[in-house]
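> Could you work out the structure for the sequence below:
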Amino acid sequence: MRAAGCKRGPSWAESLGGSAPLMKLTRDCYSLTDDTSQFDIDAIIALLQSTYWAADRTREQADVSVRHSVCIGLFHQSRQVGLARAVTDCGADTWLCGVVVHLDHRGKGLGRWMLEALLEHPQRCAHAGHSCHQGRSGFLSRVWIRGAPIPVYDI
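Residues are numbered from 1 along each chain as shown. You can find the predicted model right below:
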C-alpha cells in the first residue's frame with residue numbers, strides 16, 4: 001500500500017529491462033526475495049520504526065527508498081519480517097544502507113542470510129562500501145564474510 005499521491009515508478013529490475021525477480025531463496029519457513037511487488041510497505045514502516053536509525057521515516061520515504069535500491073525482503077511464511085537494502089551504481093560502488101529483522105525472528109541468522117544474499121545479488125557491484133553505525137545489538141561484531149567484518153547498520 002502506498003501513501004496517497006505517491007506514484008510508484010519502475011523498480012530497479014524493471015528499469016534494467018526485467019520484470020521478474022532475480023532472486024528467490026527459501027530456508028525452513030523463511031524466504032528471501034528481491035521482488036519488491038511482494039513487499040509490504042506497512043510491515044517495512046513498522047520494522048523501520050523499531051530502529052533508532054530510521055524511526056522517523058515516512059511512508060513515502062520508505063517507498064521511494066525501496067524503489068531506488070537493491071532490496072531483499074525476508075518473509076516468514078507470507079508475512080514480511082525483514083529487509084536488507086543497498087544502493088548501487090551497478091558499476092563501481094555499492095553502499096549497504098540497512099538491515100532490519102523483526103524482534104521475534106532475531107537470533108536465527110536471518111540478518112546474516114539477508115546480507116549474504118544481498119552481497120551475492122546480480123546488481124551489487126564488486127566494491128561494497130558502507131555507512132556504519134555501531135549499534136546496540138552487536139550485530140556488526142558477529143557478521144564476517146570473506147574474513148572481514150561487513151559494516152552495516154544495526155538490526
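> what's the single longest strand in the chain?
Using DSSP state E, we find that the single longest strand of the chain is strand 79-88.
> Skip ahead from that strand and say which helix or strand is next.
Scanning forward in sequence from strand 79-88 by DSSP states H and E, the next helix or strand is strand 94-101.
> tell me the average confidence for that following strand?
Per-residue pLDDT over strand 94-101 has a mean of 86.
> Provide the strand pairings for that strand, with the direction of each partner.
According to DSSP bridges, strand 94-101 forms sheet pairs with strand 79-88 (antiparallel), strand 128-130 (parallel).
> after that strand, next one along is what?
Counting by DSSP H and E, what follows strand 94-101 is helix 110-119.
> Mind exporting the C-alpha coordinates of that following helix to PDB?
C-alpha atoms of helix 110-119 as PDB (Å, rounded to 0.1, in the frame of the first residue of the first chain):
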ATOM      1  CA  LEU A 110      18.400 -14.300   9.300                       C
ATOM      2  CA  GLY A 111      20.200 -10.900   9.100                       C
ATOM      3  CA  ARG A 112      23.300 -12.700   8.000                       C
ATOM      4  CA  TRP A 113      21.400 -14.700   5.400                       C
ATOM      5  CA  MET A 114      19.900 -11.500   4.000                       C
ATOM      6  CA  LEU A 115      23.400  -9.800   3.900                       C
ATOM      7  CA  GLU A 116      24.900 -12.800   2.100                       C
ATOM      8  CA  ALA A 117      22.000 -12.800  -0.400                       C
ATOM      9  CA  LEU A 118      22.400  -9.000  -0.900                       C
ATOM     10  CA  LEU A 119      26.200  -9.400  -1.400                       C
END
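> That helix relative to strand 94-101, how many degrees between them?
Interaxial angle of helix 110-119 relative to strand 94-101 (axes from the mean of the first three to the mean of the last three Cα atoms, to 10 degrees): 150 degrees.
> For helix 110-119, name the packing helices and strands.
The contact analysis (3 or more Cβ pairs under 8 Å, 6 or more residues apart in numbering; DSSP states H and E) places helix 110-119 against strand 24-27, strand 30-33, strand 70-76, strand 79-88, strand 94-101, strand 144-145. For glycine as for every other residue, the C-beta is placed from the backbone atoms N, C-alpha and C.
> nearest to residue 107, of these?
strand 94-101 (9.0 Å; Cβ to Cβ).
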